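Participant: okay, predicted coordinates and the sequence, questions at the end:
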Amino acid sequence: MSLNGKKIAILVDQMYQEMEVWYPLYRLREAGARVVTVGATAGETYKSKLGYPCVAEISYDVARAEDFDGVVAPGGFAPDFIRRHPLAIDFVRQTSAQGKLVAAICHGPWVLCSAGVLKGRRATSFFAIKDDVVNAGALWEDSEVVIDGNIVTSRKPDDLPAFMLACIAVAGK
């Protein structure tokens, strides 16, 4: 499926899981999307858990949901830092309210919990944050990928192929 003309945000912060940023970034680009890394500070380099750098192209204060066709929240420890920024949470909440792709993998659903977009929705996550996802009102299941309308979630890096197929399908609608 082609994502030509689509624009997808990938949220970045320190201690991100490498594969959960770079695999989606390259798969979305291969599908034709323009991918933009978004962080607290434009131009800042955020290092992964292993020190691999990723530069935020734009900051939360200029990212507008209406300018994007979706957002991806990676895992690692980055989601715990991302959700400390009210503008990041607003961006995710508004993207969801507009019915656009909101995707999260591993610990990424922490961002969705903070954004309040999981209540009554089916979702999955890394098993260690299952309680957080359930307490946010989601119906948690142990599946490699869960699609509930515009929300796509997965558990871990091994799930990336299924996660990305689902993300591309939802973003391509």
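Facilitator: Received, thanks. All values derive from a computational prediction rather than experimental measurement. Residues are numbered from 1 along each chain as shown.

Participant: quick one: the strands in the chain?
Facilitator: Taking DSSP state E as the test, the strands found in the chain are 7-11, 34-39, 45-47, 53-55, 58-59, 70-73, 101-105, 122-123, 139-140, 145-148, 151-154.

Participant: tell me the gap between stretch 15-23 and the middle of its chain.
Facilitator: Distance of stretch 15-23 from the chain centroid (CA atoms, centre = their mean, to the nearest Å) equals 11 Å.

Participant: repeat that for stretch 57-74.
Facilitator: Distance, centroid of stretch 57-74 to centroid of chain: 10 Å (CA atoms, centre = their mean).

Participant: what do you get for stretch 74-89?
Facilitator: With CA atoms, centre = their mean, you get 10 Å for stretch 74-89.

Participant: can you check stretch 140-155 too?
Facilitator: The answer for stretch 140-155 is 12 Å, by CA atoms, centre = their mean.

Participant: try stretch 8-21
Facilitator: The chain centre lies 8 Å from the centre of stretch 8-21; the measure is CA atoms, centre = their mean.

Participant: with stretch 118-131 instead?
Facilitator: 14 Å.

Participant: which positions in that stretch come out as buried?
Facilitator: With burial defined by 16 or more other CB atoms under 10 Å, the residues of stretch 118-131 counted as buried are 118, 121-126, 129-130. C-beta here means a position set from N, CA and C on the backbone, and glycine is covered the same way.
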